[in-house]
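Novice: sequence? don't have it. structure:
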C-alpha cells in the first residue's frame, strides 16, 4: 500500500520527513520496533494520500473555506 500511494521518490521523502517530525515528538518511543514501524507506515500512507487529494484538486473547494485569505491573492 505504501508504494501504491506514492507518486514517486519525492512523495516518499516528503512523507518520511513530515512523519519523522511528528513521531520525534511523540511519547510512544518505547514501543516495540514492529509497532512503531506499523504506525509510521500508516501515517506516511495517509500523508501521501492527502498529497494525492491535493494534486487531484479534491480539496480545492474546501481550501478557501479553511483559508479565506488565499482568495485575496
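Specialist: Looks like it came in fine. Computed from a predicted model, the values in this text were never measured in an experiment. Numbers count the residues shown, from 1 in each chain.

Novice: what number of residues lie near residue 47?
Specialist: 19 (other C-beta atoms under 10 Å). For the C-beta atoms, the positions are set from N, CA and C on the backbone; glycine is no exception.

Novice: for it, give me its contacts.
Specialist: Listed by C-beta atoms under 8 Å, 6 or more residues apart in numbering, the contact set of residue 47 reads 14, 15, 18, 19.

Novice: out of the residues you listed, who's the most crowded?
Specialist: residue 15 (24 neighbours).

Novice: surely it touches residue 44?
Specialist: Yes. If you go by C-beta atoms under 8 Å, residue 15 and residue 44 touch, sitting 4.1 Å apart.

Novice: helix, strand or coil: sort out the residue nearest the centre of the chain for me.
Specialist: Centroid-nearest residue in the chain: residue 47, 1.6 Å away (criterion: C-alpha atoms, centre = their mean). For residue 47, the assignment made with DSSP: H, G, I helix; E, B strand; the rest coil gives helix.

Novice: buried stuff in the helix or strand where residue 11 lies?
Specialist: With secondary structure defined by DSSP states H and E, residue 11 is part of helix 9-24. Buried residues in helix 9-24, defined by neighbour count with 16 or more other C-beta atoms under 10 Å: 11, 12, 15, 18, 19.

Novice: quick check: closest non-adjacent residue to the second one.
Specialist: Translated: residue 12. Computed as C-beta to C-beta, 6 or more residues apart in numbering, the closest residue to residue 12 that is not its neighbour in sequence is residue 6, at 4.9 Å.

Novice: identify the residues contacting that neighbour.
Specialist: With contacts defined as C-beta under 8 Å, 6+ apart, residue 6 is in contact with 12, 15, 48.

Novice: where does it fall, phi/psi-wise?
Specialist: The phi/psi pair for residue 6 (degrees, to the nearest 10) reads phi -80, psi 140.

Novice: pLDDT score for it?
Specialist: In this model, residue 6 is scored at 73, pLDDT.

Novice: quick one on the thing from earlier: please work out which residues outside the helix holding residue 11 touch it.
Specialist: With C-beta under 8 Å, 6+ apart, helix 9-24 has contacts from 5, 6, 36, 39, 40, 43, 44, 45, 47, 48, 51.
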